[in-house]
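Curious how this folds, go ahead:
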Amino acid sequence: MEEAIELTFESPDGIIDCRLEPVRDEDGLHYSATILYPNMVNGYNRSDIYCHDVRRNRQGVYAFDSMDENIHPKIRKLEAQIAEAVSKL
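Just a heads-up that it's a prediction; the model follows:
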C-alpha cells in the first residue's frame, strides 16, 4: 500500500500521533515515520517531534532503520506497535 498511514497510541504521557509516509527507493518500499510525542512544558503541551525510517529487516519484519542509532528509548518502545500496524496492510 502506498498511502500515508495515521496512527495514535496511548501512553502514560498522553496521546502519541504517528504518520507513516511511504517512500519507494532502490531497496523497495519503506516508511518515513513522523512521531509527535506529548511533552508538558510549563503547563503547556509541546509535542516532541521524532522522524525515523521504518524498513523491512532481514527477517522480513518492519523495524526502525538499523543504521539509525539515535532513537530515543521512549520511541524505541513504539517500534513493535508501528511494525504491527504496517504489517497489517
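
who's Leu29 bridged to?
Arg24 (DSSP bridges).

so what's it up against?
By CB atoms under 8 Å, 6 or more residues apart in numbering, Leu29 lies in contact with Glu2, Pro22, Val23. Using the backbone N, CA and C atoms, a C-beta is placed for each residue, glycine as well.

So what pairs up with the residue most central in space within the chain in the strands?
For the chain, Ala33 is the residue whose C-alpha lies nearest the centre (CA atoms, centre = their mean; 4.2 Å). On the basis of DSSP bridges, Ala33 is bridged to Leu20, His52.

likewise Ile15?
What pairs with Ile15, by the bridge criterion (DSSP bridges), is Glu10.

From Ser47, how far out is it?
10 Å (CB to CB, to the nearest Å).

count of residues packed around Lys74?
Lys74 is flanked by 15 other residues according to other CB atoms under 10 Å.

Correction: the previous question concerned Pro73.
6.

got it, and Ile5?
Neighbourhood size, Ile5 [other CB under 10 Å]: 17.

ok, now which ones touch the closest residue to it other than its chain neighbours?
Leaving aside its chain neighbours, Ile5 sits nearest to Leu20 (4.2 Å; criterion: CB to CB, 6 or more residues apart in numbering). Counting by CB under 8 Å, 6+ apart, Leu20 touches Ala4, Ile5, Leu7, Tyr31, Ser32, Ala33, Val54, Ile82, Ala85, Val86.

So the fourth one is in contact with Asp53, correct?
In this case it means Tyr31. Yes: here Tyr31 reaches Asp53: they are 7.1 Å apart, a contact under CB atoms under 8 Å.

what is in contact with the two at once?
Both Tyr31 and Asp53 are in contact with Val23, where contact means CB under 8 Å, 6+ apart.

so what strands line up beside the helix or strand of the chain with the lowest mean pLDDT?
Within the chain, no helix or strand scores below strand 40-41, which has a mean of 84 by mean pLDDT, DSSP states H and E. Here strand 40-41 has these sheet partners by DSSP bridges: strand 44-45 (antiparallel).

Need the residues that contact the partner strand.
Contacts of strand 44-45 (CB under 8 Å, 6+ apart): Gly14, Pro38, Asn39.

who touches the second one in this structure?
I take that to be Pro38. Pro38 makes contact with Ser11, Asp13, Gly14, Ile15, Ile16, Asn45, Ser47, Asp48, according to CB under 8 Å, 6+ apart.
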